[in-house]
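Chemist: okay, predicted coordinates and the sequence, questions at the end:
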Amino acid sequence: MSTGPTEADIIQHTSSLSGVVAETADEASGAPELAWGDTFFHYDPDGRDPADRPFPFATIVTKDYGTFDAESHLDRPGVYRLNINVGRTEFERLIGHSPAAHPAHHDEFDYTALDEVLPHPVYATQSWISILNPGQRTADQALELITRAHARAARRHR
């Protein structure tokens with residue numbers, strides 16, 4: 001029984017896509033301490049200065065961000081959250097309602113559930129989904145959604 005991809009597996013998969021810059025925040029990167037250990041995936045085939053990179057198309061978050069983003073309870077041992085900007089159409093297909101309608105549905109989801117495609121607890125209205133510890137049910141889907149998000153980012157770049 002497969003437990004699904006690790007953070008390192010996701011980083012390797014996503015980094016192998018053309019034009020991707022994967023950046024794991026740390027002190028040397030100048031990122032705020034709160035973000036250290038989290039990974040951000042940018043489509044940046046031009047190799048721009050980090051300050052000029054486009055918004056990421058996917059992220060891996062390993063901890064709660066204070067009261068701002070704590071609904072996933074990421075401070076549990078071994079729990080991480082893969083976040084993917086899937087776009088409005090894919091969000092609605094996956095979640096069952098539009099990103100704009102999410103505030104009315106917010107309380108219908110258990111944001112602590114592992115191995116489930118969920119709306120992002122904070123950024124659902126911007127078409128972001130999340131999967132805590134992709135496992136047997138969502139591993140292949142997670143990698144496919146990353147690949148599609150990468151393709152969307154590449155189209156926007158062109």
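Modeler: Yep, that arrived.
Chemist: now the most centrally placed residue in the chain: how far from A124?
Modeler: Of all residues in the chain, the one closest to the mean position by C-alpha atoms, centre = their mean is N83, 1.5 Å from it. Distance of N83 to A124, computed by C-beta to C-beta, to the nearest Å: 10 Å. Any C-beta I mention is one placed from the backbone N, CA and C, and that applies to glycine too.
Chemist: the host helix or strand of I131 - what's its average pLDDT?
Modeler: Following DSSP states H and E, one finds I131 within strand 128-132. On average, the pLDDT along strand 128-132 is 98.
Chemist: name the single longest helix found in this protein.
Modeler: Of all the elements of type helix in the chain, the one with the most residues (DSSP state H) is helix 139-157.
Chemist: show me what that one is packed against.
Modeler: helix 7-15, strand 39-43, strand 58-61, strand 81-85 (3 or more C-beta pairs under 8 Å, 6 or more residues apart in numbering; DSSP states H and E).
Chemist: now those as TSV including mean pLDDT and distance to A151?
Modeler: Converted to TSV, the helices and strands packed on helix 139-157 look like this (pLDDT from 0 to 100; distance: least, C-beta to C-beta, whole Å):
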stretch	mean pLDDT	distance to A151
helix 7-15	97	12
strand 39-43	97	9
strand 58-61	98	12
strand 81-85	98	12
